[in-house]
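*Asks:* My questions concern the predicted model and sequence given below.
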Amino acid sequence: MNRLPGIIVAVASEGDISLVDVAVGENTLTAMLVETAESAPYLEAGNAVSVLFKETEVSLGKDLRGRLSLRNRLQGEVADIRKGKLLAEVTLACGGHRLVSVITRRAAERLELAVGDRVEALIKANEIMLGERADGL
Amino acid sequence: MLELSLRKNLHTAEGNVTLDIELEAETGQFLTLFGRSGVGKTTCLRCIAGLTEPDHGRIAVGGEIWFDRTKGIDIPPQKRRVGFVFQDYALFPNLSVRENLRIALGDPKDERYLDELLELMDIRELERRLPTTLSGGQQQRVALARALARRPRLLLLDEPLSALDGETRQRLQNEILRIQRHFRMTTLMVSHDLGEVYRLSDRVIVIEGGRTVARGRPAEVFGNRRISGKFRFTGEVLAIEPNDVVFTLSILIGNRVVQVIATAQEMRDIQVGDAVMLVSKAFNPLVMKVDRNPGRLSPSRS
């Protein structure tokens, strides 16, 4: 699981669903949750949270242009690539944090990924979970 | 129904430990003491049964005081109405199944109740057999029937199923639950099997180093509530298979085994036998209608 430390900057709710914006370093990630400040009191601007998402939910883009519905885009540099027969595990350095993406080997080869490449990690808002952080880091 | 507070110094392999437990159970509740072995869970059951004397404390069952250090009350074990089931069955080897039950009866002439128990535990055909000729699962059924023969007010189960294989264990878990509900029997079990704790207990008390560190419903105690994922299950890792650059984990959740993909990083501190929490989001699952009459063929839609 990818776990990045962040600070909640905004919460917008409608019914039971909330979009929670979290500042992670210089980027802002948005998590879509079936939870509101009422059911989860930690959902309040200023609170420290962990941003959690599965490696297999992280897509990678290189030289991206045009408009994309995905707003969760993290710039990073490829730090390591481990290739299996079908899959590839790509580790990115993103502003001091490590982030792992598991994509197909084919996809990694089509992107011609190499260590040192500048890429973007893309995560859908509904794939992001938040965890309460007691340490306040 | 059950009120207990006790303290006792224990000499364990890890040095001296002070067992310090307080608990309450309502009539018909199923309570489990959970924790590593060697932390006094069994001692707690033995104190209730009167087999071990607490250093301090008070034990009351259904308004009756069984033990009270300050008042000098200590009811002898044979007068405490408990049914005790041990891990190793503890049946009399030289007595038939029926005789094993009969000597435990409160009223030795109560043949009707004895027959009822044999029926209820599905051991009627075994009544003339000697315990040594029975399988582990059958012996534990007999032990359970014997525990009930005293018409106990309290059922004490000390890791009753840990010596049995997985399938038998699951069958007997269902049996225990059925019997416990049938008699609305207040039950206190010791277990370190997470699946068992989830399946059977209304409430669980987690004991570490002789002290209570958590208590509540199993889902409250073992589920981490401070995470936003809506699908949360606790399970036990049965197997870990490396596949390509990831791992396939087989995890026992309730009585089902599910397979989950994990990355090398996630696997760093996970081993077979570990308890793990699986979390997913409310957005992920696909929802499909299930035919309630699976025996009936549904029309083909091709």
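*Replies:* Now that the structure is in, tell me what you want to look at. Residues are numbered from 1 along each chain as shown, chains lettered A, B, ... in the order given.
*Asks:* for chain A, longest strand please?
*Replies:* Counting by DSSP state E, the longest strand found in chain A is strand A:2-14.
*Asks:* The closest residue to residue B:275 other than its chain neighbours and chain A, how far apart?
*Replies:* Leaving aside its sequence neighbours, residue B:275 sits nearest to residue B:194 (C-beta to C-beta, 6 or more residues apart in numbering or on different chains; 5.0 Å). Yep, even glycine has a C-beta here, placed from its N, CA and C like the rest. Residue B:194 is 21 Å from chain A, where distance means C-beta to the nearest C-beta, to the nearest Å.
*Asks:* Show the contacting residues for residue B:194.
*Replies:* Taking C-beta atoms under 8 Å, 6 or more residues apart in numbering or on different chains, we find residue B:194 in contact with B:34, B:222, B:234-236, B:275.
*Asks:* again, only this time at 10 Å
*Replies:* By C-beta atoms under 10 Å, 6 or more residues apart in numbering or on different chains, residue B:194 lies in contact with B:34, B:204, B:218, B:222, B:234-236, B:252-253, B:274-276.
*Asks:* Just the buried ones from the residues you listed?
*Replies:* Neighbour-count burial (16 or more other C-beta atoms under 10 Å in any protein chain shown) applied to the contacts of residue B:194 gives B:34, B:204, B:218, B:222, B:234-236, B:252-253, B:276.
*Asks:* just to revisit the earlier point, compute the distance between the residue nearest to residue B:275 and residue B:175, please.
*Replies:* With distances taken as C-beta to C-beta, to the nearest Å, residue B:194 is found 20 Å from residue B:175.
*Asks:* pLDDT value on residue B:187, please?
*Replies:* At residue B:187, the predicted lDDT confidence score is 96.
*Asks:* related to what we said a few turns ago, packing partners for the longest strand of chain A?
*Replies:* Strand A:2-14 is packed against strand A:17-24, strand A:27-34, strand A:48-53, strand A:87-94, strand A:97-104, strand A:129-132, with contacts defined by 3 or more C-beta pairs under 10 Å, 6 or more residues apart in numbering or on different chains; DSSP states H and E.
*Asks:* related to what we said a few turns ago, for the contacts of residue B:194, give me CSV that also has pLDDT.
*Replies:* Below are the contacts of residue B:194 laid out as CSV (pLDDT from 0 to 100):
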residue, pLDDT
B:34, 91
B:204, 92
B:218, 80
B:222, 71
B:234, 84
B:235, 86
B:236, 87
B:252, 88
B:253, 84
B:274, 84
B:275, 86
B:276, 89
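*Asks:* Among those residues, which lie within helices?
*Replies:* By the criterion of DSSP state H, membership of the contacts of residue B:194 in helices covers B:218, B:222.
*Asks:* of the contacts of residue B:194, closest to chain A?
*Replies:* residue B:276 (11.7 Å; C-beta to the nearest C-beta).
*Asks:* bridging residues for the closest one?
*Replies:* Bridge pairing for residue B:276 (DSSP bridges) gives the partners residue B:235.
*Asks:* before we move on, what about the one 4 residues further on?
*Replies:* As for beta bridges, residue B:280 partners with residue B:231 under DSSP bridges.
*Asks:* Residue nearest the middle of chain B, spatially speaking?
*Replies:* residue B:189 (4.6 Å; C-alpha atoms, centre = their mean).
*Asks:* Confirm for me that it is in contact with residue B:147.
*Replies:* No. Using C-beta atoms under 10 Å, residue B:189 is not in contact with residue B:147; the gap is 11.9 Å.
*Asks:* can you list residues touching both of those two?
*Replies:* Taking C-beta under 10 Å, 6+ apart as the contact criterion, the common neighbours of residue B:189 and residue B:147 are B:85, B:155-157, B:160.
*Asks:* possible to save those as CSV with distance to residue B:44 and pLDDT?
*Replies:* Below are the shared contacts of residue B:189 and residue B:147 laid out as CSV (distance: C-beta to C-beta, whole Å; pLDDT from 0 to 100):
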residue, distance to residue B:44, pLDDT
B:85, 15, 92
B:155, 14, 95
B:156, 9, 95
B:157, 12, 95
B:160, 15, 90
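*Asks:* Just those: which are in strands?
*Replies:* Members of the shared contacts of residue B:189 and residue B:147 lying in strands (criterion: DSSP E): B:85, B:155-157.
*Asks:* now the residues you listed as a markdown table including distance to chain A?
*Replies:* Below are these laid out as a markdown table (distance: C-beta to the nearest C-beta, whole Å):
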| residue | distance to chain A |
| --- | --- |
| B:85 | 40 |
| B:155 | 38 |
| B:156 | 38 |
| B:157 | 36 |
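*Asks:* Spatially nearest residue to residue B:113, not counting backbone neighbours?
*Replies:* residue B:105 (7.0 Å).
*Asks:* Pick out the residue nearest the middle of chain A.
*Replies:* In chain A, the centroid-proximal residue (C-alpha atoms, centre = their mean) is residue A:123; its distance is 5.1 Å.
*Asks:* which residues touch it?
*Replies:* A:2, A:29-31, A:51, A:53-54, A:57-59, A:70-74, A:99, A:101.
*Asks:* how does it look with 7 Å?
*Replies:* By C-beta atoms under 7 Å, 6 or more residues apart in numbering or on different chains, residue A:123 lies in contact with A:53, A:57-58, A:72.
*Asks:* Could you single out the nearest of these to residue B:73?
*Replies:* For the contacts of residue A:123, the residue nearest residue B:73 by C-beta to C-beta is residue A:53; the value is 59.0 Å.
*Asks:* can you list contacts of stretch B:247-257?
*Replies:* Applying C-beta under 7 Å, 6+ apart, the external contacts of stretch B:247-257 come out as B:170, B:195, B:198-199, B:233, B:235-241, B:258-262, B:267, B:276, B:278.
*Asks:* Now the residue in the stretch 101-250 of chain B that chain A sits nearest to. Nearest residue, chain neighbours left out?
*Replies:* In the stretch 101-250 of chain B, the residue that lies nearest chain A is residue B:244 (3.4 Å; C-beta to the nearest C-beta). Spatial nearest neighbour of residue B:244, excluding adjacent residues (C-beta to C-beta, 6+ apart): residue A:84 at 3.4 Å.
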